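S.K.: have a look at this fold, sequence not included:
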């Protein structure tokens, strides 16, 4: 069924299993899959690609979608990802056909176990940088912040996984979706021969009609298998001065970026908690009413990106620290992934808990927000916890 979001049939018109059917139908290279708490999307084929250029990507998307409008037909939809570096080429395309279904979390079949993979790759793992080098970079950043040079930086590291055979991306996607059906699961082409696959916990921004929602996350703690300990960690996170400060910096930046677009903007005074399979996060849900109905979801996402949750503050200084500290190109990591239709409605998610697949290799990414109160060992442990979501999905638990 092809439709824009506003033209979705009532959920009752979908048969049970519609969402998992789209999940099971995903094929790498030609398909684009996105699942969120609101819906499931599968795009097939490519009708048009968004070109690279010097102007705002939101304008190029608008031009391509407007050119593809047809009277009486559903609004065309662009799907894909944008990199951390706003000047790098996007990986956005308009599919030939878009299929929609209710969210995976409402599909009774999502709870069924995934068939055991008897042929998982034998992964070789290389850490870039090593935990020791990463800790040194965190310590150096903390020293500069205590000297008053800047307020926050998000430092990342990667795991490079290689195997004798190519990974089974559809199976990987199914495991990610079943591990956390309340999150944002995705698999989209990210460049020639490359696929971006992941399960992010964080909505950057969504727009439906004149209403927007943003859900910044910053400040986290690892989950525990012991219920009492898990509850203790959640309670401690809500009272952590370091994490509350880190979260407040991000929320303030989101408020500042969105306020010029809004006739009304509501920002709760204190964060709440959200959980994934591996982590607790501090969360604030920001809502607003647009003052200009022509502002699109990607206009809003571009105004927000990069938030201090993935870069730091001040932004220019944090970018320079990231470039000097990280011995790799982030590519799509901490960019955004999502969709937008020709009416301007859409949903963009921060590209976290992800990997980029190319040939027989996978590169996993994870980062931690570093502030003046940060402890290198704790930030290194946080990145390790974030890696676990994806390591579980690829069968390379370390």
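M.R.: Nice, thanks for sending it over. Computed from a predicted structure; not experimentally measured.

S.K.: buried stuff in stretch 379-386?
M.R.: Neighbour-count burial for stretch 379-386, counted by 16 or more other CB atoms under 10 Å, picks out 379-380, 382-386. Using the backbone N, CA and C atoms, a C-beta is placed for each residue, glycine as well.

S.K.: export the residues you listed to a markdown table and append columns for distance to residue 395 and pLDDT.
M.R.: Formatted as a markdown table, these follow (distance: CB to CB, whole Å; pLDDT from 0 to 100):
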| residue | distance to residue 395 | pLDDT |
| --- | --- | --- |
| 379 | 27 | 94 |
| 380 | 24 | 94 |
| 382 | 23 | 89 |
| 383 | 20 | 92 |
| 384 | 17 | 89 |
| 385 | 18 | 84 |
| 386 | 18 | 86 |
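
S.K.: in helices only, show me those residues.
M.R.: With DSSP state H as the criterion, helices contain 379-380, 382-386 from among those.

S.K.: could the residues you listed go into a markdown table alongside distance to residue 26?
M.R.: Formatted as a markdown table, those follow (distance: CB to CB, whole Å):
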| residue | distance to residue 26 |
| --- | --- |
| 379 | 34 |
| 380 | 34 |
| 382 | 30 |
| 383 | 28 |
| 384 | 29 |
| 385 | 27 |
| 386 | 24 |
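
S.K.: out of those, which is nearest to residue 201?
M.R.: Proximity of those to residue 201 (CB to CB) peaks at residue 386, which lies at 9.8 Å.

S.K.: look up which residues are beta-bridged to the residue nearest to that closest one when sequence neighbours are not counted.
M.R.: Spatial nearest neighbour of residue 386, excluding adjacent residues (CB to CB, 6 or more residues apart in numbering): residue 366 at 3.9 Å. With DSSP bridges as the criterion, residue 366 is bridged to residue 157.

S.K.: quick one, what contacts residue 366?
M.R.: Taking CB atoms under 8 Å, 6 or more residues apart in numbering, we find residue 366 in contact with 156-158, 353, 383-384, 386-387.

S.K.: recalculate using a threshold of 7 Å.
M.R.: By CB atoms under 7 Å, 6 or more residues apart in numbering, the residues touching residue 366 are 156-157, 383, 386-387.

S.K.: looking at residue 8 now. What's its pLDDT?
M.R.: For residue 8, the model assigns a pLDDT of 41.

S.K.: which of the contacts of residue 366 sit farthest apart?
M.R.: Top of the distance list for these (CB to CB): 156 and 387, 11.0 Å.

S.K.: now for residue 158, how many residues are close by?
M.R.: Residue 158: 26 surrounding residues under other CB atoms under 10 Å.

S.K.: per-residue confidence averaged over stretch 54-65?
M.R.: Mean per-residue pLDDT for stretch 54-65: 94.

S.K.: and stretch 293-310, by the same measure?
M.R.: The average pLDDT for stretch 293-310 rounds to 94.

S.K.: stretch 108-118 now?
M.R.: 71.

S.K.: number of residues surrounding the residue nearest to residue 334 when sequence neighbours are not counted?
M.R.: Leaving out its chain neighbours, the residue that sits closest to residue 334 by CB to CB, 6+ apart is residue 310, at 3.9 Å. Using other CB under 10 Å, residue 310 has 27 other residues around it.

S.K.: cool, and residue 327?
M.R.: Using other CB under 10 Å, residue 327 has 11 neighbouring residues.

S.K.: remind me which helix or strand it belongs to.
M.R.: For residue 327, there is no host helix or strand (DSSP states H and E).

S.K.: relative to residue 353, how far out is it?
M.R.: According to CB to CB, to the nearest Å, residue 327 and residue 353 sit 21 Å apart.

S.K.: equivalent analysis for residue 345, please.
M.R.: 25 Å.

S.K.: same question, residue 49
M.R.: 26 Å.

S.K.: please identify which of the two sits among more neighbours.
M.R.: When residue 49 and residue 353 are compared for neighbours, residue 353 comes out ahead with 29 against 15, by other CB under 10 Å.

S.K.: OK, contacts around the more buried one?
M.R.: With contacts defined as CB under 7 Å, 6+ apart, residue 353 is in contact with 198-201, 386, 389-390.

S.K.: can you check residue 281 too?
M.R.: With CB under 7 Å, 6+ apart, residue 281 has these contacts: 201, 217, 219-220, 274.
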